[in-house]
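Participant: test case, fold it:
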Amino acid sequence: MGGAVPAPRISCRYSSAKPDVPAFNGERTVGKGVPVRHCFSEEALESGLLWRIQHISVLNDLQCEGPFVSEGTPARVKHFVLEVIPANPVTGLEKVCCDEKKFARPRTWHFPTWNFLRLALGTSPLELSLHPVRFIVLGSGSGGNAAVVEAGGVRLLVDAGLSAKQLVDRMKSSGIDPASLRGVLLTHEHGDHIRGLRVLMKSVAVPVYATPSTALVVRDGGVDTATWKIFESGAGFQLDGLSIQSFAVPHDAVEPVGYVFRHEEKSLGLLSDTGHVTKLITERLRGVHALFVEANYDDELLEADTRRPWSTKQRISSRHGHLSNAQTAALVAELVPSGLRRVVLGHLSRDCNHPDKAISTLRAGVPGLTEIACAPQDECCGWWD
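Facilitator: Next comes the predicted model:
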């Protein structure tokens, strides 16, 4: 005996950076002939806060009549995800949330009418994310490294060590429009971190952020760095609501850095090629909620490797080489008490490591940590937040 299908409802919530603008929580039933603007309270409208729909995914037998933002949605919506942003960014809003309701088996559909927001924001709203901080690894290993970090509508590529074609293809396969990037951040100048940069810069007009010495070496390699954004190692900077803190790391490059990304109450640490964990690294990463970190080799597998000469193995395990599984586990154990919950391991050696070895070493060294993954070389590694 079947019951009545509940009417879809949406929630929207916002808080304001302005003390004189109250926080708001509102919920409305979405039914036939009900404009979506009615989902927002009269209080919000009276406060002069102008809102527009950013993105909606609607599933199963949607019938849409007219522009969604003005005409509303018909009653047959059974599953949707709704995100909203302020139409006027100067209102001081600093936090926007979204809600999701499911009423049937998924089949995604996107509304296409967003040109007015493209003009206002300089990018496609369909490509903006309102997650506090999240990231996706496009590929990681000696064959090339790249990741995308996004928060609060800001999307950044960190390193460009894959070919430009691979970078673009993997971004698009993950729902990322390369044109939506706000910048490219470099950790250092080695080829497996900048391989696709020169060609990518020709098709995606975004600034590149790097330390002075890194920029000089890349320029000497034939890349035009005239428009790059140069920052000193250890400096922090802001892109809209996303705070970025760099910190020095020991590696056999001219001026390598790691990064911490913060937005609202969430933070992400990114530590790539590193020879050993310094006190500075530990302090900079203390308090991050998610961490992408190198776990390059297993000590026993590196020692037993017969394809690498002794000198190469010495460089890898040196204080300016790469982190072993055990070193990474020790760092993670140090960070878990301050809030670390998710770890993605990267830059695993194909010959001297294995995902099972890396993960088992971490689990043994950090028993309380449950969310661990290894970023592969040849494909993307999901979205993490």
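Participant: residue 384 and residue 169, how far apart?
Facilitator: From residue 384 across to residue 169, the span is 20 Å (CB to CB, to the nearest Å). C-beta here means a position set from N, CA and C on the backbone, and glycine is covered the same way.
Participant: can you check residue 145 too?
Facilitator: Distance from residue 145 to residue 169, by CB to CB: 16 Å.
Participant: neighbour-wise, which of the two wins?
Facilitator: residue 145 (28 against 14; other CB atoms under 10 Å).
Participant: quick one, what contacts that one?
Facilitator: Listed by CB atoms under 8 Å, 6 or more residues apart in numbering, the contact partners of residue 145 are 139, 159, 161-162, 192-193, 272, 346-347.
Participant: need these in TSV with pLDDT, can you?
Facilitator: Listed next are the contacts of residue 145 as TSV, based on pLDDT from 0 to 100:
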residue	pLDDT
139	96
159	98
161	97
162	97
192	96
193	98
272	97
346	96
347	97
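Participant: which residues touch residue 217?
Facilitator: By CB under 8 Å, 6+ apart, the contact set of residue 217 is 189, 254.
Participant: can you list the residue ranges for strands in the stretch 251-385 of the chain?
Facilitator: Secondary structure of the stretch 251-385 of the chain, counting by DSSP state E, counting those that start in this stretch: strands at 257-263, 266-271, 290-294, 342-346, 371-374, 381-384.
Participant: now do the contacts for residue 223.
Facilitator: Per CB under 8 Å, 6+ apart, neighbours of residue 223: 194, 197-198, 201.
Participant: change it to 7 Å
Facilitator: Contacts for residue 223 (CB atoms under 7 Å, 6 or more residues apart in numbering) come out as 197-198.
Participant: next one: residue 192
Facilitator: 142-145, 161.
Participant: just say helix, strand or coil for it.
Facilitator: Under DSSP: H, G, I helix; E, B strand; the rest coil, residue 192 falls in the helix class.
Participant: count of neighbours near the spatially closest residue to it that is not a sequence neighbour?
Facilitator: What sits nearest to residue 192 in space, not counting adjacent residues and going by CB to CB, 6 or more residues apart in numbering, is residue 161, at 4.4 Å. By other CB under 10 Å, the residues close to residue 161 number 27.
Participant: what sits against residue 161?
Facilitator: Neighbouring residues of residue 161 by CB under 7 Å, 6+ apart: 144-146, 192-195.
Participant: out of these, which comes closest to residue 245?
Facilitator: Nearest to residue 245, judged by CB to CB, of those is residue 193 at 19.2 Å.
Participant: what's the neighbour count on the closest one?
Facilitator: Residue 193 has 25 neighbours, counted by other CB under 10 Å.
Participant: that one: what's it in contact with?
Facilitator: Listed by CB under 7 Å, 6+ apart, the contact set of residue 193 reads 145, 159, 161, 186-187.
Participant: now for those, which pair is the farthest apart?
Facilitator: 145 and 186 (10.7 Å).
Participant: intersection of neighbour lists for those two?
Facilitator: With CB under 7 Å, 6+ apart as the test, residue 145 and residue 186 both reach 159, 193.
Participant: okay, the closest residue to residue 330 other than its chain neighbours: pLDDT?
Facilitator: What sits nearest to residue 330 in space, not counting adjacent residues and going by CB to CB, 6+ apart, is residue 365, at 6.6 Å. With respect to pLDDT, residue 365 scores 93.
Participant: ok, residue 365 touching residue 334?
Facilitator: No - counting by CB atoms under 7 Å, residue 365 sits too far from residue 334 to count as a contact (10.3 Å).
Participant: hmm, back to that, in a markdown table: the contacts of residue 161, plus distance to residue 241.
Facilitator: Shown next, in a markdown table, are the contacts of residue 161 (distance: CB to CB, whole Å):
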| residue | distance to residue 241 |
| --- | --- |
| 144 | 30 |
| 145 | 26 |
| 146 | 23 |
| 192 | 31 |
| 193 | 27 |
| 194 | 28 |
| 195 | 31 |
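Participant: return the member of those nearest to residue 221.
Facilitator: Of all the contacts of residue 161, residue 221 sits closest to residue 194, with 8.2 Å by CB to CB.
Participant: for the closest one, list the residues it contacts.
Facilitator: Contacts for residue 194 (CB under 7 Å, 6+ apart) come out as 160-161, 186, 218.
Participant: many thanks, I have nothing further to ask.
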